[in-house]
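>>> Curious how this folds, go ahead:
(chains A, B, C and D)
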Protein chains: 4
Amino acid sequence: MENTLKIGIVGLGRIGQIHLANIATRIKNAEVVAAADISENLLDFARRHGVENVSTSPESVLTNPEVDAVIICTPTPSHVPYTILAAQHGKHIFCEKPLDLSIEQILAAKEAVELANVQLMLGFNRRFDANFLKVKDMVHAGLVGDPHILKITSRDPNPPQIEYVKSSGGLFLDMAIHDFDMARYVMNSEVVEVYAKGKVLVDSRIGDEGDIDTAITTLTFANGAIGVIDNSRKAVYGYDQRIEVFGSGGMTQTKNNTPDTHEYYNEKGGHLSLPLNFFLERYAESYVNEINVFVSSVLSGEKVPVDAHDGLMATAIAIAAKQSCQEEKPIRVEEILNALMA
Amino acid sequence: MENTLKIGIVGLGRIGQIHLANIATRIKNAEVVAAADISENLLDFARRHGVENVSTSPESVLTNPEVDAVIICTPTPSHVPYTILAAQHGKHIFCEKPLDLSIEQILAAKEAVELANVQLMLGFNRRFDANFLKVKDMVHAGLVGDPHILKITSRDPNPPQIEYVKSSGGLFLDMAIHDFDMARYVMNSEVVEVYAKGKVLVDSRIGDEGDIDTAITTLTFANGAIGVIDNSRKAVYGYDQRIEVFGSGGMTQTKNNTPDTHEYYNEKGGHLSLPLNFFLERYAESYVNEINVFVSSVLSGEKVPVDAHDGLMATAIAIAAKQSCQEEKPIRVEEILNALMA
Amino acid sequence: MENTLKIGIVGLGRIGQIHLANIATRIKNAEVVAAADISENLLDFARRHGVENVSTSPESVLTNPEVDAVIICTPTPSHVPYTILAAQHGKHIFCEKPLDLSIEQILAAKEAVELANVQLMLGFNRRFDANFLKVKDMVHAGLVGDPHILKITSRDPNPPQIEYVKSSGGLFLDMAIHDFDMARYVMNSEVVEVYAKGKVLVDSRIGDEGDIDTAITTLTFANGAIGVIDNSRKAVYGYDQRIEVFGSGGMTQTKNNTPDTHEYYNEKGGHLSLPLNFFLERYAESYVNEINVFVSSVLSGEKVPVDAHDGLMATAIAIAAKQSCQEEKPIRVEEILNALMA
Amino acid sequence: MENTLKIGIVGLGRIGQIHLANIATRIKNAEVVAAADISENLLDFARRHGVENVSTSPESVLTNPEVDAVIICTPTPSHVPYTILAAQHGKHIFCEKPLDLSIEQILAAKEAVELANVQLMLGFNRRFDANFLKVKDMVHAGLVGDPHILKITSRDPNPPQIEYVKSSGGLFLDMAIHDFDMARYVMNSEVVEVYAKGKVLVDSRIGDEGDIDTAITTLTFANGAIGVIDNSRKAVYGYDQRIEVFGSGGMTQTKNNTPDTHEYYNEKGGHLSLPLNFFLERYAESYVNEINVFVSSVLSGEKVPVDAHDGLMATAIAIAAKQSCQEEKPIRVEEILNALMA
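Here you go, the predicted model:
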């Protein structure tokens, strides 16, 4: 492989466009040499960014001999088949989360990339956000001592379309999965048990689809610590993304990011800016950072920092949470893994 | 009753001294006319504050004809017998929390005060703290819309003596009970179900006594909202007392109180003051406020704002939490009430 | 002198009442044994707080043999004559600021108390506020290294009555004088030069009286540091009282105090409480602290921490600022002192 | 002119590289077609970013017929001659600040661009920073009512090289000039008078060159408001860049930007991140924004938002400040303009 990683992107929706633009303008040592989307009218975006080889056939990109690595941004059901196809053609793979909603499929992808001896990195982008990185670094450096309590607040500004809810796997698998990954990452310990309490408080149509929109999930970690995540599909004041780790040596927490730092006081009170509205603004830099790490890992041959195992574990926790919520009792993650791998 | 409420205090330990000094110096329309403690050497405190009638017999105060109202600050096991005795002698009663660790005893006290037609107010002092009051007022005024998620952080700076742990009823009954009361108060809705995950992470001797020192407790409210309380017996940075309420219309939260507002920056970083160290500092004003409310309620004949029913419900939630933690499953509060009232 | 300081208060307006109530309820080792105000209807306040010896003759209090120390809260023109009378009768004196608007009068009072060998403490109460104390302590402990820049923001919520402006000496002498004292105190260095730019932006009637309502004042200190104070008679959001010290080793600053710590977010933005409204709320504790220090200094014979010299220097700086503003050039404080002491 | 602005850059030092990289990667509708630096070894940077036409002759770029607009990032003495040359060849010009240290030279450049009917935009990048923009927008929208007091804190993390100080024009002309521009911009009013107090407190070698390193500058605006800027060449805690505007209707202020939002508490205290270290980090986005505005203004034919007049006025204020500091009296800006334009 040369000094520049030649990348093919499949899927040119919102997140595919972000990766393409970032590589075109802000990522060193990488260029997009091919891009595909089944929708013809999304291809122009790639053309405008100088990608000459564009097509409506994702397979052509995944098998293109000029491509060193692929970025998979298509809908979830295609993640595993595309990962397997790319692996079979010797491509390194960056795949958006979730890898899949089922443990079996994730294991199939894991096996394929191991067999092909290629790297597979998952897009848990929040790991590459400055706030979460800082907390992770502090915890891993021992600044909170032994971690005792993890708290994650994760609330979206608006619920997704009902159509999306129907196939997304639900709040735990499409939304809280980021928080489950963050929990494992920051605590540096596996989640062994989950108890989730879910409610439909935002929109009854979400309940009609068998999903929930509000949840409090208690986690128990292998290292003895406990944690709690609170999720909501709708925070009227914007995207609420905070973390706190408390331990024997102290506590560290982060606040939301805002577009500016102003404080305004008039006779009615003090006023602050709202948090950045949603993930595109809030996590913009993390999307650049994660691809930078992917590119440099592949070029140097170092192991990528988020792999299929991480996808597997986050998904298992999410399935445990969903089951806990339905059965109204705590569920051990091991049960999920054993049952599905049996 | 005259314009000034004549108060007798029984129990002159730490909290008894606070109430006595506050009445002597900062509470209008009240004076301490009698005080008792079984320990002779605590009586001097009362004498120095001008109380002439001091004795080692609490009963003499509780039955003193000159006394209009009593403040009971003795150890928990005497709360109910003293309450009943005082009620039988027509005294209004302010009793420190918890009223008792058992539902039956609480009901006995409740019955006695109703029979005697006197008022009984419980010392859930945090209800009278400016931060918690502000959040309560905002929630009740509808500023967060329909409440969806309640979050309370409640961490002590240091665990109590092991001797105390042996008889206190444990973390849920001696510490989190304040948080359970706050949950009901702020949300204006009863807790119907509890799930608690407890751990011994601070001091193994606490575990030896069958108690825990770290907990995450999930609450389900009658109005459909859910909540979570995280407790620790030891926060090295001081007393951590925060609340957050999230709902369909917004979110309100409080920070800890600090001795000053300074921020200091040098080449090593930014620096802030620690939270006020413990409840005596943090809740100093709330102790004044609660007695002011008690005095004015009794003098005016208005109903006190925290009564035996509140003590009953907070205790029932605490017992449910303890049982949930032991049985590793959610417990309905109704079960506790029914079982014990059967 | 006995263990309890017997205090006489003259002047029972707003600040006199505060001192009287504080001594009655929150100050150890002191009691008010006499009080006077020329207005008969203010005497009831003293009677209600148990002061038996009340009169409409301040002189009777200042010369009362039973009085150990006096607190002078009458209008400014009487401060020096009352101080001299009290000193001649061997009383220690706590006098509200300013001691006087003229350097000569201040020196006369200084001479009288020195001759009588009594203590004279001035009511620069902000020195006893937790925020300002913290900054002072940090600066004196060397935490900002060599101080380079001092910044004080001092804005009132509302201008005083026009009647008051007519005789107060103006913004520099009635309002900024607190800031000038704070500047000397925190920096531990004398002000040697002043440049003030004043404007009438709040209320033209203030200008009609020859005063200003908005000012920026640059200070030069003997230790080489420089400072700036900004004053306004009217901040619609309440009492704005902040300080910042910057030096070779770092920077420390304080924020305003608020009634609670809440932050509220809804779809319109983030919201905070306003600062405490005015000095009675903002500096409530400082009034207790300063009298505590006065009482303990007098009882122990230690020197009081704010004396006539401090009053002299603050007044000289204020006069220099006023002159600088009028003559539109920097003025050396020494000039003021020399001219008036000549 | 086509849809894409063809840009030539002269000067490939630190700021020239920033602009080149930003245009190459983050600016739409513009490309760098030529670049020059007299230092051969800086040309590689341009080559690596795909600029084919690179040379050691700035003149060749300024006169290149293929170039629509030039960005001048060379040392200050060449700004005006290069501006004039470029204007004579019909190029639109973006020039780094200061345009020149002398009023005459600035006027010469102004005349040349007016004659050539080209646009000249100055690099007062802070106008394009989110925090300053927010405050400006709020003030211009009337949210603080009539502005009364402006406060700007502007402190560098480290003094420049002594060599730089020798020719920079000094603190007012090389550093505070940004603050003077900001003052005019935010207040939407001209500065009519300046009083500056300067000191050498950071490094005596700066004093040896006749410059100062610490200053407090009082500004008087045409609209009656007053303002103060405090500057230091060395803040050990990093780049300190704050603004506050106070008026009849309220007050708005900004805090420093930090790399993350974490707060950490341990037994020693609370801890925060330091401000972003210096202008490259703090104002990174503003450099992108200002070139975007330049490009879109030139392409659309709209007037650029910062022009030669702005450079003229900021320089005049800086010269007034320098003179005030030396002569120890307030100086009217009109005097400076009149004297130099006479």
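
>>> ok, so what distance separates the residue most central in space within chain A from A:Asp181?
Nearest to the mean C-alpha position of chain A, by CA atoms, centre = their mean, lies A:Phe124 at 3.1 Å. Relative to A:Asp181, A:Phe124 is positioned 5 Å away (criterion: CB to CB, to the nearest Å). To be clear about C-beta, it is placed using only N, CA and C from the backbone, and glycine gets the same treatment.

>>> what do those two both touch?
Here A:Phe124 and A:Asp181 have A:Lys97, A:Val306, A:Asp310, A:Ala314 as joint contacts, going by CB atoms under 8 Å, 6 or more residues apart in numbering or on different chains.

>>> For A:Ile15, see how far away the second one is.
Right, A:Val306. Computed as CB to CB, the A:Val306 to A:Ile15 distance reads 16 Å.

>>> These two - which one has more neighbours?
Neighbour comparison, A:Val306 and A:Ile15: the larger count goes to A:Val306, with 23 against 17 (by other CB atoms under 10 Å in any protein chain shown).

>>> Touching, the more buried one and A:Phe124? I think so.
Yes. If you go by CB atoms under 8 Å, A:Val306 and A:Phe124 touch, sitting 5.1 Å apart.

>>> what touches both of the two?
With CB under 8 Å, 6+ apart as the test, A:Val306 and A:Phe124 both reach A:Asp181.

>>> Downstream of the top helix by length along chain A, the next helix or strand is which one?
Longest helix in chain A, counting residues (DSSP state H): helix A:308-327. Proceeding N to C from helix A:308-327, the next assigned helix or strand is strand A:331-332, under DSSP states H and E.

>>> And the contacts of that following strand?
A:Val192, A:Glu193, A:Val194, A:Tyr195, A:Ala320, A:Ala321, A:Gln323, A:Ser324.

>>> tell me the angle the host helix or strand of the second one makes with helix B:308-327.
Using DSSP H and E, A:Glu193 falls within strand A:191-199. Between strand A:191-199 and helix B:308-327, the angle comes out at 140 degrees (axes from the mean of the first three to the mean of the last three CA atoms, to 10 degrees).

>>> ok, residues contacting strand A:191-199?
A:171-172, A:180, A:183-184, A:212-222, A:227, A:313, A:317, A:320-322, A:324-325, A:329-334, B:148, B:195, B:197, B:218, B:220, B:224-226, B:330.

>>> Buried ones in the worst-scoring helix or strand of chain A on mean pLDDT, by neighbour count?
Every helix and strand of chain A was ranked by mean pLDDT, DSSP states H and E. The lowest is helix A:333-341, at a mean of 88. Residues A:Val333, A:Ile336, A:Leu337, A:Leu340 are the ones in helix A:333-341 that count as buried (16 or more other CB atoms under 10 Å in any protein chain shown).

>>> Over to stretch A:309-318?
A:Asp310, A:Gly311, A:Leu312, A:Met313, A:Ala314, A:Thr315, A:Ala316, A:Ile317, A:Ala318.

>>> give me phi/psi at the residue nearest to A:Lys322 when sequence neighbours are not counted?
Using CB to CB, 6 or more residues apart in numbering or on different chains and skipping the chain neighbours, the partner closest in space to A:Lys322 is A:Phe172 (4.7 Å). Main-chain dihedrals, A:Phe172, degrees, to the nearest 10: phi -70, psi -40.

>>> How much space separates A:Met313 from A:Val191?
For A:Met313 relative to A:Val191 (CB to CB), the value is 8 Å.

>>> what touches both of these two?
Contacts common to A:Met313 and A:Val191, judged by CB under 8 Å, 6+ apart, are A:Phe180, A:Arg184, A:Val333.

>>> which stretch of helix or strand covers the second one?
Secondary structure here is read from DSSP H and E; on that basis A:Arg184 sits in helix A:176-187.

>>> Repeat that for A:Asn289.
Using DSSP H and E, A:Asn289 falls in helix A:284-300.

>>> Return the alpha-carbon coordinates of that helix using PDB.
What follows is helix A:284-300, C-alpha atoms only, in PDB (Å, rounded to 0.1, in the frame of the first residue of the first chain):
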ATOM      1  CA  ALA A 284     -18.600  17.200  13.600                       C
ATOM      2  CA  GLU A 285     -15.000  17.000  14.700                       C
ATOM      3  CA  SER A 286     -15.300  13.400  15.900                       C
ATOM      4  CA  TYR A 287     -16.200  12.300  12.300                       C
ATOM      5  CA  VAL A 288     -12.900  13.800  11.100                       C
ATOM      6  CA  ASN A 289     -11.000  12.300  14.000                       C
ATOM      7  CA  GLU A 290     -12.300   8.800  13.600                       C
ATOM      8  CA  ILE A 291     -11.500   8.600   9.900                       C
ATOM      9  CA  ASN A 292      -8.000  10.000  10.600                       C
ATOM     10  CA  VAL A 293      -7.500   7.200  13.100                       C
ATOM     11  CA  PHE A 294      -8.800   4.600  10.600                       C
ATOM     12  CA  VAL A 295      -6.600   5.900   7.900                       C
ATOM     13  CA  SER A 296      -3.500   6.000  10.000                       C
ATOM     14  CA  SER A 297      -4.200   2.600  11.600                       C
ATOM     15  CA  VAL A 298      -4.600   1.000   8.200                       C
ATOM     16  CA  LEU A 299      -1.500   2.700   6.700                       C
ATOM     17  CA  SER A 300       0.700   1.800   9.700                       C
END
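
>>> Buried residues, it. List them.
A:284, A:286-299.

>>> of all these, which comes closest to chain C?
A:Ala284 (21.0 Å; CB to the nearest CB).

>>> which residues touch that closest one?
Here A:Ala284 is in contact with no residue (CB under 8 Å, 6+ apart).

>>> Show the pLDDT at it.
pLDDT, A:Ala284: 94.

>>> try A:Ala342
With respect to pLDDT, A:Ala342 scores 61.

>>> got the residue ranges for the strands in the stretch 1-150 of chain A?
Per DSSP state E, counting those that start in this stretch, the stretch 1-150 of chain A carries strands over the ranges A:5-10, A:30-36, A:53-55, A:69-72, A:92-95, A:120-122, A:147-155.
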